[in-house]
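[1] sequence plus predicted model, see below.
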Amino acid sequence: MQRLLGFILIGVTLASIFLTSCGGAAKIRVATDATWPPFESINEQTKEIEGFDIDLLNAIAEKEKLDLEFINVGFDPLLAGIAQGQYDVAISSITITEERKKDMLFSDAYFSAGQIVTVRADNTTITGKDSLAGKKVGAQIGTTGAIEMGKIAGVSLKTYDDIGLAFQDLMNGQIDAVVADNPLALGYVGKNPTKLKTAGGVFTDEYYGIAVAKKNPELLAKINSGLKAVKAEGLIEQLSKKWLEK
């Protein structure tokens, strides 16, 4: 009986090794906050996560033979989860910063963005970030927009788990402005041109990167390899036309 059990255990071990070597390893857990269109959001019809970032990472995964599992999670717990190794990868319009590099690895940059102020269309007093003192400003928790507002004396910052709720409060008159990444802000303005407008220009220089848990530099190398390949094929330009020029 012991000999039989030993053969069974050996067989299970060899099968495990075989499956891993043949690509049968566990799925790569990818965290994304699907409240940030057009980069990541839930399709109302299909209920699937879609967007610029999703298409990009799927293309990288196809190049590098990676098996992905997308997990929808709030932005603040997303950052904490990737820092703690709860997720393997995170893609969610994540700005590469020196502070975040302490907790996670980053791919090469794939998109340039920046913060911009959005106000109601009839607002004449807010002309940009330098006129936000004394105002109530909304931003998504954990984002560079919230960080930037924390630097301005006199700003009353209200943070949200879902940036869509901030824009809704803005249109309803409950806050004075929203600070967010310019592609996102322009998307909301485009959908609500009689209610919203941007005030001033982009006031930060930021670059999005794909975050990887620090324990997995090998995975980062694969992602960078795939990213380089899809960039060379013009995918960033294609996705920009698909998602940002609607």
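    The structure has been received and is ready for your questions.
[2] just for the protein, where's the confidence low?
    Applying pLDDT under 70 to the chain flags the ranges 1-25, 246.
[3] center of it, which residue is that?
    Nearest to the mean C-alpha position of the chain, by C-alpha atoms, centre = their mean, lies Ser92 at 0.9 Å.
[4] which helix or strand contains that residue?
    For Ser92, there is no host helix or strand (DSSP states H and E).
[5] phi, psi of it?
    Backbone torsions of Ser92, given as degrees, to the nearest 10, read phi -170, psi 50.
[6] and it, what is it in contact with?
    Applying C-beta atoms under 8 Å, 6 or more residues apart in numbering to Ser92 gives the contacts Ala31, Thr32, Asp33, Trp36, Phe39, Glu40, Asp53, Phe75, Leu78. The C-beta positions use only the backbone N, C-alpha and C, and glycine is treated the same way.
[7] the helices in this structure, which residues?
    Taking DSSP state H, the helices of the chain run over residues 2-21, 52-64, 75-83, 98-101, 144-149, 163-171, 182-191, 217-232, 235-244.
[8] from Gly51, how far out is the residue nearest to the centre of the chain?
    Look at Ser92 and Gly51: by C-beta to C-beta, to the nearest Å, they are 10 Å apart.
[9] so what sits against both of these two?
    What both Ser92 and Gly51 touch, as defined by C-beta under 8 Å, 6+ apart, is the set Trp36, Phe39, Glu40.
[10] flag every buried residue along stretch 172-192.
    175-189, 192 (16 or more other C-beta atoms under 10 Å).
[11] returning to that earlier point: most packed of the helices of the chain?
    Ranked by mean neighbour count under mean count of other C-beta atoms under 10 Å, the helices of the chain are led by helix 144-149, which reaches a mean of 22.
[12] quick check: phi and psi on Asp176?
    Torsion angles, degrees, to the nearest 10, at Asp176: phi -90, psi -30.
[13] and the nearest residue to it once chain neighbours are set aside, how many neighbours?
    What sits nearest to Asp176 in space, not counting adjacent residues and going by C-beta to C-beta, 6 or more residues apart in numbering, is Lys135, at 4.1 Å. For Lys135, the neighbour count with other C-beta atoms under 10 Å is 20.
[14] right, and Lys135 touches Val179 too?
    No. The criterion here is C-beta atoms under 8 Å, and Lys135 misses it with Val179 at 10.5 Å.
[15] hey, what's in contact with both of these two?
    In contact with both Lys135 and Val179: no residue, using C-beta under 8 Å, 6+ apart.
[16] residues in contact with Ile163?
    Thr35, Trp36, Ala139, Gln140, Thr143, Val178, Ala180, Leu184.
[17] tell me which of those fall in strands.
    Counting by DSSP state E, these place Thr35, Trp36, Ala139, Gln140, Val178, Ala180 in strands.
[18] and the fourth one, what are its bridge partners?
    The partner list for Gln140 in beta bridges (DSSP bridges) reads Tyr160.
[19] there's contact between Ala83 and Leu105 in this structure, I believe.
    No. Contact criterion C-beta under 8 Å: Ala83 and Leu105 do not qualify, at 10.6 Å.
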